[in-house]
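[1] I would like the atomic coordinates for the input below:
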Amino acid sequence: MILVLIETAPAGATPLSLEAVHFARDVAAKIGSPVHALAIGGEVGDTVAQLAEQGVEVIHHATSEVLDDYAAAAWASALEDRVTLLQPQFVLAAASARGNEILAHLAARLDRPMATNCVTIEPGSEITATRQIWGGAALEELRLDGSPVLVTMASHAVAVEPAAVASSPEVVTFTPALRDSDLVARVVRVEAGEGGGSDLAAARVVVGGGRGVGGADSFDGLLELAALLGGTLGVSRVVTSQGWRPHHEQVGQTGTRIAPDLYVACGISGAIQHMAGCQSAKTILAINTDAGAPMVAKADYAIIGNLHEVVPAINAELRRRTTP
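    Reported below is the predicted structural model:
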């Protein structure tokens, strides 16, 4: 059996968790095993419907007032409870900040190795996993033995598609035993960041800005373009290093990895660290004055020109087309 840790948001399971379930489903098909899921705290109504589409057979829901807010050790205790009861062959999670942290806690408690940022798992008498290292610039092959195998799945390694046959999952509610030490470090307050805390990793459209934007006061056009396209703003490392925009907007090896339908890269040269974060974009449009920039070479479409002339022209046309 394969157990998948599910992270939830107001709209249900997070996109990265659904990717982890799809990943688990592929592995389960190879070994003829069911997929179970674990959701922690909160309500799971929307999550149940999403996981039914993915063919999950059983959803375990850990409930307790103290689990509604994130506490890594407490959530790891809930996961350890199910692992001890179910004895799964694999425990999977998304390679998100929380997924990696919770599985690291579990690995320490079980004295088991943990493989992070995996893109494939080949089960068999000897389990082989391939994982991303150096920000996705290289792949490393691992051989894993024993049980359970603890794995986090690299963001956007698979595309989420519904199962051929939807399930009617059983929902098993339980309250894990928690220690006071499990709650020493916990979330006590959540505040929206600048820009409303938009989820860059899940955005379907991202408008990116780099050094070519010119300064902290020059992002209005890009922000308007993102709004007109129903997307969000992302930036290169140099932008955050200069203090022009906050770090949570950074795309790249040391920022967020994105997989939008459209990435509009404005004034971004396309250093390898940045490309590691946007290489999963389905379509890239580069706007740059340098026709020889790596981003232009990687782009599906390119406009060679000054972004401060091109972006306002695009915005004006989008406004014209959307105004009744």
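[2] use CA for all of it now, contacts and neighbours both
    Will do.
[3] so residue 27 touches residue 123, yeah?
    Yes - contact criterion C-alpha atoms under 8 Å: residue 27 and residue 123 qualify, at 7.3 Å.
[4] out of the two, which sits in the more crowded spot?
    residue 27 (20 against 15; other C-alpha atoms under 10 Å).
[5] show the contacting residues for the more buried one.
    Listed by C-alpha atoms under 8 Å, 6 or more residues apart in numbering, the contact partners of residue 27 are 121-123.
[6] I'd like the next helix or strand past the helix or strand where residue 61 lies.
    Using DSSP states H and E, the element containing residue 61 is strand 58-62. Using DSSP H and E, the helix or strand that directly follows strand 58-62 along the chain is helix 72-86.
[7] elements contacting that following helix?
    Identification of packing neighbours for helix 72-86 by 3 or more C-alpha pairs under 8 Å, 6 or more residues apart in numbering; DSSP states H and E yields strand 35-40, helix 97-110.
[8] any idea which helix or strand comes after the shortest one?
    If you walk from strand 35-40 toward the C-terminus, the next helix or strand you reach (DSSP H and E) is helix 45-53.
[9] quick revisit: alpha carbons only: can I get the strand holding residue 61 in PDB?
    Extracted in PDB, the C-alpha atoms of strand 58-62 (Å, rounded to 0.1, in the frame of the first residue of the first chain):
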ATOM      1  CA  VAL A  58      -9.100   5.400   1.600                       C
ATOM      2  CA  ILE A  59      -8.700   8.900   3.100                       C
ATOM      3  CA  HIS A  60      -7.400   9.100   6.600                       C
ATOM      4  CA  HIS A  61      -8.400  12.300   8.300                       C
ATOM      5  CA  ALA A  62      -6.500  13.300  11.500                       C
END
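[10] so what strands line up beside that strand?
    With DSSP bridges as the test, strand 58-62 is paired with strand 35-40 (parallel), strand 170-174 (parallel).
[11] quick check: which of the ones you listed is buried the most?
    Of all these, strand 35-40 has the most neighbours on average by mean count of other C-alpha atoms under 10 Å, namely a mean of 24.
[12] hey, C-alpha coordinates of that strand in CSV?
    Extracted in CSV, the C-alpha atoms of strand 35-40 (Å, rounded to 0.1, in the frame of the first residue of the first chain):
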residue,chain,number,x,y,z
VAL,A,35,-3.4,4.3,-2.7
HIS,A,36,-4.4,5.8,0.7
ALA,A,37,-4.2,9.5,1.6
LEU,A,38,-3.7,11.3,4.8
ALA,A,39,-5.2,14.8,5.4
ILE,A,40,-4.6,16.6,8.6
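[13] run the chain-centre distance for that strand.
    Taking C-alpha atoms, centre = their mean, to the nearest Å, one finds strand 35-40 lying 17 Å from the centre of the chain it belongs to.
[14] cool, and stretch 157-165?
    For stretch 157-165, the distance to the chain centre is 16 Å (C-alpha atoms, centre = their mean).
[15] what residues of that stretch count as buried?
    Within stretch 157-165, the residues scored as buried using 16 or more other C-alpha atoms under 10 Å are 157-158, 160.
[16] hmm, who's touching that stretch?
    Residues contacting stretch 157-165 (C-alpha under 8 Å, 6+ apart): 18-19, 22-23, 53-55, 119.
[17] could you pull out the helices for the stretch 151-300 of the chain?
    220-228, 237-241, 272-278, 294-298 (DSSP state H, counting those that start in this stretch).
[18] mean pLDDT lowest for which of the ones you listed?
    Sorting the helices of the stretch 151-300 of the chain by mean pLDDT places helix 272-278 lowest, at a mean of 89.
[19] run through the chain and note the low-pLDDT ranges.
    Applying pLDDT under 70 to the chain flags the ranges 135, 192-198.
[20] identify the residues contacting residue 100.
    By C-alpha under 8 Å, 6+ apart, the contact list for residue 100 reads 93-94, 116, 152.
[21] same thing but at 7 Å, please
    The contact partners of residue 100, by C-alpha atoms under 7 Å, 6 or more residues apart in numbering, come to residue 152.
[22] cool, and the one 5 residues further on?
    In this structure, residue 105 makes contact with 73, 76, judged by C-alpha under 7 Å, 6+ apart.
[23] would you map out the domains in this protein?
    Per the record, the chain has its domains at 2-183, 200-322, by automatic domain parsing.
[24] would you confirm that residue 293 contacts residue 269?
    Yes - because the distance of 5.3 Å satisfies C-alpha atoms under 7 Å, residue 293 is recorded as touching residue 269.
[25] who's more crowded, these two?
    Neighbours were counted for residue 293 and for residue 269 using other C-alpha under 10 Å; residue 269 has more, 23 against 16.
[26] residue 20 is in what secondary structure piece?
    helix 15-31.
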